[in-house]
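Colleague: sequence and predicted structure below; questions after.
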Amino acid sequence: MKIGIAGGGAFGTALGVALALDGNDIQLWARSADAVKAMESTGENSRLPGVKLPPNLQVSSDTGPLFACQIILLAVPAQTLRDFLQTHTAALGGKYLVACCKGIDLERMTGPASTIRDLVPSAIPAMLTGPSFAANIARGLPTALTIACPDEAAGEILQTALSTTAMRLYRTTDTIGAELGGALKNVMAIASGVTIGAQFGESARAALITRGFPEMQRLAATFGAQPETLAGLSGFGDLVLTCTSEQSRNYRYGLALGRAEPFDSGTTVEGAATARAVRQLAQKLDLDMPICRVVADLTDGQTDVPTALNALLSRPLKEE
């Protein structure tokens, strides 16, 4: 089956390059006609410098070639996914739709696969997630990801179609766990960046990651996620990667907050929106999510770094 990718950013392009180099015909759709012209003239995406686009990766700003594909990877930001699906509902019906974004829809409080299911009920929803950076995928470095699909047979089809020599996919039917693991780790990455940016030290970051993980599990379990999903690639694996590398946008954003430095407003930071969504959910469900709450307050400007640290350190002492 021909594979289409909606989203001409770094991650969508990286997936396209990896799949094309493995022999697949790939149709990449980018919203900007200027971006398409630049890719066609230079043979690469400016967000992935030095990575050449294979000849079997076709780029267009016209949705027609994209919608001719049976498998479509949705590499658009989580907060714009709903608009994309609502705009193109008819054209997307009956297709395999694989969300490649991580976050929680602020309007409906749903993850990407759930948003697909709600808005395009005739489609087969799935999610591709796990510890990965666009530059690594595009350069063919070994990567292991999770493909989450509620339909086991469809998940097997997607696992086969989207795995490459260097990109290995592991299958699960637990889309809720995959959605929440991918979304919540971005919040923890911001917190980790703040920890290092404010010079609290590596030990403090290790403690934050360790306490952040059960916080992720707590919310996921409330929505019926399987514990092993959060302990796998889409949860713990992604958490470790994004909390320890400056390739993570969310981590870099946290570094800037911790250092009281400006951050590029044009860079997508899904963890900030997710933190606000989780703060709202935690209040509604009476859940203890202190790190998510502090990150939401920090990104909203409702608190500062010293006050946020004091709030976490002044919590009651208890058993681990």
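Modeller: Sure, I can see it.

Colleague: measure the nearest residue in space to residue 147 that is not next to it in sequence to residue 93 for me?
Modeller: Distance criterion Cβ to Cβ, 6 or more residues apart in numbering; nearest residue to residue 147, sequence neighbours excluded, is residue 169 at 4.6 Å. Where you see a C-beta, it was placed from the backbone N, CA and C, and this is true even at glycine. The gap separating residue 169 from residue 93 is 25 Å, by Cβ to Cβ, to the nearest Å.

Colleague: who has more neighbours out of these two?
Modeller: residue 169 (20 against 12; other Cβ atoms under 10 Å).

Colleague: over to the more buried one. Which of the three states is it?
Modeller: Look at residue 169: counting by DSSP: H, G, I helix; E, B strand; the rest coil, its state is strand.

Colleague: bridged to it, which residues?
Modeller: residue 145 (DSSP bridges).

Colleague: that one and residue 99, how far apart?
Modeller: On the measure of Cβ to Cβ, residue 169 and residue 99 end up 14 Å apart.

Colleague: ditto for residue 71
Modeller: Distance from residue 71 to residue 99, by Cβ to Cβ: 12 Å.

Colleague: counting neighbours, what do you get for residue 34?
Modeller: Neighbours around residue 34, by other Cβ under 10 Å: 9.

Colleague: just checking, it is part of a helix?
Modeller: Yes: the assignment for residue 34 is a helix, going by three-state DSSP.

Colleague: where along this structure do the strands fall?
Modeller: Counting by DSSP state E, the chain has strands at residues 3-6, 26-29, 57-60, 71-74, 96-99, 124-129, 143-148, 167-172.

Colleague: next, the contact list for residue 71, please.
Modeller: 1, 2, 3, 4, 95, 96, 98, 158, 161, 162 (Cβ atoms under 8 Å, 6 or more residues apart in numbering).

Colleague: give me that answer again for 7 Å
Modeller: 1, 3, 4, 96, 98, 158, 161 (Cβ atoms under 7 Å, 6 or more residues apart in numbering).

Colleague: just give the nearest non-adjacent residue to it, would you?
Modeller: Going by Cβ to Cβ, 6+ apart, residue 71 has residue 96 as its nearest residue, at 4.4 Å.

Colleague: wait, that neighbour sits on residue 158?
Modeller: Yes: look at residue 96 against residue 158 with Cβ atoms under 7 Å: they come within range, at 6.1 Å.

Colleague: shared neighbours, these two?
Modeller: Common neighbours of residue 96 and residue 158 (Cβ under 7 Å, 6+ apart) are 71, 126.

Colleague: might one say that residue 85 is in contact with residue 118?
Modeller: No: counting by Cβ under 7 Å, residue 85 stays clear of residue 118, with 8.8 Å between them.

Colleague: with neighbour numbers in mind, choose between these two.
Modeller: More crowded of residue 85 and residue 118, by other Cβ under 10 Å: residue 85, with 22 against 14.

Colleague: show me what contacts that one?
Modeller: By Cβ under 7 Å, 6+ apart, the neighbours of residue 85 are 92, 115, 116, 119, 120.

Colleague: return the member of these nearest to residue 29.
Modeller: Comparing these against residue 29 with Cβ to Cβ picks out residue 92 as the nearest, at 12.2 Å.

Colleague: number of residues surrounding the closest residue in space to that closest one that isn't next to it in sequence?
Modeller: Leaving aside its sequence neighbours, residue 92 sits nearest to residue 120 (Cβ to Cβ, 6+ apart; 5.0 Å). Using other Cβ under 10 Å, residue 120 has 21 other residues around it.
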